[in-house]
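Colleague: following is a predicted model, sequence given first.
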Amino acid sequence: MRLAVVSLCFATLLLSACSTVKYGDAKATETVNTDFGSTDLQAIAHSIVQDLLQFPPMVAVTHQKRPVMFIDGVQNNTNEHIDMQSITDSIQSDLIQSGKYRFVDPKAISRVKAQFKYQSASGLVDPTKAIQVGKHLGAEYMLYGNMTSITKNDGHTRDVYYKFTLKLMDLSTGILEWSSEKEIRKARKKSLLGL
């Protein structure tokens, strides 16, 4: 019995020592389970950005100028822990890379204020080289939204439906100028062995 346990431990060590790690394609479809994953994040960000970039009233606005906006946040109303910041970061990056929009980052303001204070009051920065306060641009638009999900499970099949909604408000008028939704449905059936 002892020999069998030692042999099993040795075989496990050999197998784990032989395992390899390799890089995969970050854009490849990920289908491990029905939980929210990288493929879902990429699909949502791409769909939402393309929708905004092609929306005729905003195409007209961005033809004249690069509007300044900020993302207020996206609420996670699902039962999963989903990193909403990662989704909004991807959307923001893609919109900036489009060359059509500019962003301010309200979450960084406290750090910006600390830097202004350091430059103006520490005595360590040449006053002629310090950044002048009061020249920031205010946001013209606010992006905000939410993600919801519905999960159904009959013991054999698990079906998850996700809906991501993003809205764009004109801050000067309070008018909702644009809204878009991206839906994703994922299903997984258990095998005959229950796995």
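Modeller: That came in fine, so what should we check first?
Colleague: and residue 62, how far is that from residue 69?
Modeller: Distance, residue 62 to residue 69, using Cβ to Cβ, to the nearest Å: 11 Å. Yep, even glycine has a C-beta here, placed from its N, CA and C like the rest.
Colleague: overlap in contacts of those two?
Modeller: Residues touching both residue 62 and residue 69 (Cβ atoms under 8 Å, 6 or more residues apart in numbering): residue 101.
Colleague: compare those two and say which is more crowded by neighbours.
Modeller: Neighbours were counted for residue 62 and for residue 69 using other Cβ atoms under 10 Å; residue 69 has more, 21 against 18.
Colleague: pLDDT score for residue 2?
Modeller: On pLDDT, residue 2 comes in at 70.
Colleague: where in this structure is pLDDT low?
Modeller: 1, 3-19, 21-35, 37, 191-195 (pLDDT under 70).
Colleague: ok, which stretches of the chain are helices?
Modeller: Using DSSP state H, the helices of the chain run over 2-18, 38-54, 56-64, 84-97, 109-121.
Colleague: give the buried residues for the fourth one.
Modeller: The one in question is helix 84-97. By 16 or more other Cβ atoms under 10 Å, the buried positions in helix 84-97 come out as 84, 87, 88, 90, 91, 92, 94, 95.
Colleague: would you mind pulling the contact partners of stretch 50-58?
Modeller: Contacts of stretch 50-58 (Cβ under 8 Å, 6+ apart): 59, 95, 98, 100, 166, 168, 177, 178, 180.
Colleague: kind regards, and thank you for your time.
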